[in-house]
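Q: Coordinates only, no sequence provided:
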Ligand SMILES: Nc1nc2c(ncn2[C@@H]2O[C@H](COP(=O)(O)OP(=O)(O)OP(=O)(O)O)[C@@H](O)[C@H]2O)c(=O)[nH]1
Ligand SMILES: [Mg+2]
């Protein structure tokens, strides 16, 4: 029997670089939500992939940017923390953005990471290939990468070769998760994230990104289905109206889309009930951070 291997690969980068898209692609299932908005991922999300005898546990992290509010600070601290514990760290760069201000700031700190680092140029489907070599050379001059990959996380170009490469960085170890497990998140948190994604999709510019979703109840019914109750928290009364929409049509469409995906993830029929509540200043409430899996920054 060949030895099994298992370890952690962290995905870090600026907001919107495509970290969650890449993790979902490599895991082969949607385990982390994706949106056009920046700062979609809020806490560390783990996704598990198998490559022959090797189990790779991906750590998807919140985007790294200059934090202003408390929630921002908690997210960025969590991102660097995710990189600190990994066997290999993959830095994603959106090739359309290249070395912009956000990436400059990341490169200024990247030397702090002790694990081997791989540069991943993502979204290569969006620019002419001639431009890629120059960018790869520029970025390699600024940090010590053991390898560079050019991929499209969205289209799955180059992702399989990338996965094979990563397995080489995993140490000999028993697998930490059962063979068929793709995520370590409990179903109720995954379900809350799915609803948050649908909320973002429908209300991207009208809703501040501070709105959040919690699963309050997950009750298995005698007929094999589940009753799921979730609350969407917003910070102001006006936002509540936006989420509900005219005659309830916005929340209805959010609920329909979310229910479909929750059923898929849960592999059981689900009856989803959505509520909207105003919770002012939740950004200063330690309990909300705990619910999201983040440490509460003192200020
Ligand atoms: N064209 C193209 N778009 C991509 C690619 N990868 C990701 N995207 C898009 O980029 C946007 C952001 O993707 P996410 O995966 O949410 O990015 P992220 O890095 O996880 O973002 P945060 O969680 O906010 O830090 C989404 O609209 C994706 O569909 C790619 O290879 N090509
Ligand atoms: Mg993300």
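A: Sure thing, it's come through. These figures come from a predicted structure and were not determined experimentally. Ligands and ions are numbered 1, 2, ... in the order given.
Q: now the end-to-end length of stretch 104-121.
A: 15 Å (Cα to Cα, to the nearest Å).
Q: May I see the buried residues of that stretch?
A: Residues of stretch 104-121 classed as buried: 106, 110, 113, 115-121 (neighbour count, 16 or more other Cβ atoms under 10 Å). In this view, the C-beta of every residue, glycine as well, is placed from N, C-alpha and C.
Q: and of the residues you listed, the nearest to residue 295?
A: Closest approach between the buried residues of stretch 104-121 and residue 295, by Cβ to Cβ: residue 113, at 19.4 Å.
Q: Any buried residues in stretch 236-255, and which?
A: So stretch 236-255, judged by 16+ other Cβ under 10 Å, has buried residues 239-240, 242-244, 250-251, 254-255.
Q: for stretch 58-77, same thing?
A: Using 16+ other Cβ under 10 Å as the test for burial, stretch 58-77 gives 58-65, 70-76.
Q: Could you check which helix or strand contains the nearest residue to residue 197 once chain neighbours are set aside?
A: Leaving aside its chain neighbours, residue 197 sits nearest to residue 33 (3.9 Å; criterion: Cβ to Cβ, 6 or more residues apart in numbering). In this structure, residue 33 sits in neither a helix nor a strand according to DSSP states H and E.
Q: follow-up on the earlier one: overlap between the buried residues of stretch 58-77 and the residues near ligand 1?
A: 62-63 (Cβ under 6 Å from any ligand atom).
Q: Among the buried residues of stretch 58-77, which are located in strands?
A: 58-60 (DSSP state E).
Q: Tell me the one among these nearest to ligand 1.
A: Using Cβ to the nearest ligand atom, residue 60 comes nearest to ligand 1 of these, at 6.6 Å.
Q: Could you measure from residue 277 over to residue 237?
A: From residue 277 across to residue 237, the span is 11 Å (Cβ to Cβ, to the nearest Å).
Q: Then residue 123?
A: Using Cβ to Cβ, we find residue 123 at a distance of 39 Å from residue 237.
Q: got the contact list for the helix or strand containing residue 201?
A: For residue 201, the element it lies in under DSSP H and E is helix 187-203. Residues external to helix 187-203 that are found in contact with it (Cβ atoms under 8 Å, 6 or more residues apart in numbering): 31-35, 37, 40, 183, 185, 207, 209, 211-215, 218, 228, 230, 232, 242-243, 250, 253-255, 257-258, 261-262, 265-266, 270, 272, 274, 293.
Q: Please see if that helix touches ligand 2.
A: No: Helix 187-203 does not reach ligand 2 (Cβ under 5 Å from the ion); its nearest approach is 10.3 Å.
Q: Run the chain-centre distance for that helix.
A: Centre-to-centre, helix 187-203 and its host chain are 12 Å apart (Cα atoms, centre = their mean, to the nearest Å).
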